[in-house]
Structure formats: C-alpha cells, structure tokens
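Visitor: Starting from these lines, generate the structure:
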Amino acid sequence: QLKKSPDSPLNASFKPASKFSENTTNDEGSAIITKAVYPDSKPIRFWINTVNGTVINLDDIIGEDASSLIINPRNNREIFGLKGGQLVRADIDSRQNIKIGPANVTSLVINKGFIYTLENLTPATNGQFLVRYDLNGGGRYVLAQYPPLSKSPWSIKVSKLNGSDYIALGDPSNGALYVIKNDGQKILSSSLGENIRLYLFNSTGRFLSYYQADTFKTIDLEYVERFSKVNEKVTNLTWFTDYQVIVSKAD
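Guide: Predicted coordinates:
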C-alpha cells in the first residue's frame, strides 16, 4: 500500500533535503528514522510519525554521534542506539536519553521481545559476550561467549519461531557464522563454519539462508533439515515470499 510520507523537513536555512538515506522503520510503518542530506549544510537525522506527520530532529535528542539507531518495536516513540560503545535509549516525548549497561557494546539488534548486544570483555582479547536485555533496558542476561573482535564489528540478525528466538552472528573477518536458539529455558549454540556471507532469515523465521563459498544453503529451523545448491558469483540474497528467494549475480 502506497502512502505519502510527510513533506521534506527543512534545515536552519529553510532548505528542503536533496535526498534521504539510512532509512529505518518500525514493523507497523508508523515511524521512520531518516537521514536528510541538504545541499548547503550537514545532514540531519529525523524521527517521523507517518500517522500524523510529526517531524522531530533526532540528533538533538540522541546526539549526532549515535549509531545503529533502532525504533523500539513496542513503542515507536523510543529509539535505541550506540554512543561510544554505550547502549542508550532516547525518548521522543521527554527529549532525554538514558545509558544502559556497560560501555563496551559493538553490535545491536532488537526484536519484539528483547534487545541483543555483543559486548567486549576486558581485555577485549578475552572475547565477546552475547547479551540479552529487556526492552526497558533491564534484565541483563549473558547468553554465550564468542571469539574476540578482530576488525569490523560482528553483524547480528534475530528471528522468532514457535516461541524461540534465533540469533545469527556473523564474523566479517573470516565469514564465520554462529546460530543461537533460545527458548527461554535453555540455550543451544552451533557454528556453521567459515567463508559464509549474505545470511538472512525469511519473514516467518523458519528458514535461514546463506552462501558458503559458492553454494547456496538453507536450514529449515522448524524441522532441522538442510538444503544446498551450487550457485556461483551471487552478490545479493533477498527473501521474496515465505518460500521463494531472489538471488542477484555479478553478470
């Protein structure tokens, strides 16, 4: 369904944005975070209510240096992000932000139930903790420990299936991929090996697809079945429907 977004927010010079980037929306589409780029000044990130058209300068609330901004799935007027390795929660109404947990967070992801972070140990050569928080920032719980950060921060994707959370963690230095299943009572962890890229859950959370070397692989998480097919030179992977995948090739 097409819906017109609010008019382009103006900057201090009353100039409209020339383009938008880094767009993030919540599941219902009721709020958007967008980075507005202007021809005569620095970019500004805005929080936009798509229902009533309210536009708020988000940088004034959470700070220009905040990164990995995510809208709270249960409250579109709350924003989570990272500032100097610190997990913070910003409130659109109070215009305040609150620091959460230790200041050594490198990666962040949120689903409707929990916040998941990767946090460096001290010293960082000791590895990283995968940590779960409640959506209010409390209930810190360490799920697993992983090898230390090498260069770039690890990526995290999370999905839910039959009451269990599945967390996939990718190490960009060697393409290692780890998968965690957390059903609220026990935690199961497995490694899928190295040289893995383009990993992605489908919309229902049942299938996890990825490329390992030049082979397209899918795990049916519900029935614990695996499928694979050699498919070379793939540059992108997108789930199209619950059972169909689109792959793009370099040619």
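Visitor: burial of I219, as a residue count?
Guide: Neighbour count for I219, taken as other CB atoms under 10 Å: 21. In short, each C-beta sits where N, CA and C put it, glycine included.
Visitor: Hmm, it is touching S228, no?
Guide: No: the pair I219 and S228 fails to qualify as a contact (CB atoms under 8 Å) at a distance of 9.9 Å.
Visitor: where exactly do the helices run in the chain?
Guide: Assigned by DSSP state H, the helices in the chain fall at 59-62.
Visitor: Give me the most central residue, it.
Guide: Nearest to the centroid of the C-alpha atoms of the chain, with distances taken as CA atoms, centre = their mean, sits V109, at 4.2 Å.
Visitor: wait, it sits on P153?
Guide: No: counting by CB under 8 Å, V109 stays clear of P153, with 11.6 Å between them.
Visitor: what touches both of these two?
Guide: With CB atoms under 8 Å, 6 or more residues apart in numbering applied, the contact sets of V109 and P153 do not overlap.
Visitor: What about the residue found closest to N97 once you drop the neighbours it is linked to in the chain, how many residues nearby?
Guide: Residue nearest to N97 in three dimensions, not counting chain neighbours: A90, with 4.0 Å by CB to CB, 6 or more residues apart in numbering. The number of residues packed near A90 is 23, by other CB under 10 Å.
Visitor: mind listing what A90 touches?
Guide: By CB under 8 Å, 6+ apart, the neighbours of A90 are 58, 61-62, 66, 78-81, 96-98.
Visitor: For L198, which non-adjacent residue is closest in space?
Guide: Per CB to CB, 6+ apart, closest to L198 is L237, 4.2 Å.
Visitor: Bridged to the one you found, which residues?
Guide: L237 has these beta-bridge partners by DSSP bridges: V247.
Visitor: what's near enough to touch it?
Guide: 198, 200, 209-211, 216, 245-248.
Visitor: T235 now?
Guide: Contacts for T235 were tallied using CB under 8 Å, 6+ apart; they are 248-250.
Visitor: Just among those, which is most surrounded?
Guide: Counting neighbours by other CB under 10 Å, the top entry in these is S248, with 12 neighbours.
Visitor: you'd agree it is up against N231?
Guide: No: here S248 lies out of contact with N231, judged by CB under 8 Å, at a distance of 11.0 Å.
Visitor: residue ranges of the strands in the stretch 51-200 of the chain, please?
Guide: 55-57, 67-71, 78-83, 86-91, 96-100, 105-110, 114-120, 128-134, 141-146, 155-161, 164-171, 176-182, 187-191, 196-201 (DSSP state E, counting those that start in this stretch).
Visitor: Report the separation between T238 and F114.
Guide: Using CB to CB, to the nearest Å, T238 is found at 26 Å from F114.
Visitor: Can you pick out the residue with more neighbours from these two?
Guide: Applying other CB under 10 Å to T238 and F114 shows that F114 carries more neighbours, namely 21 against 12.
Visitor: Can you give me the neighbour number for the residue nearest to D27 when sequence neighbours are not counted?
Guide: Nearest non-adjacent residue to D27, counting by CB to CB, 6+ apart: P73, 5.9 Å away. Counted with other CB under 10 Å, residues neighbouring P73 total 15.
Visitor: Does P73 touch N26 like I think?
Guide: Yes: counting by CB under 8 Å, N26 is a contact partner of P73 at 6.2 Å.
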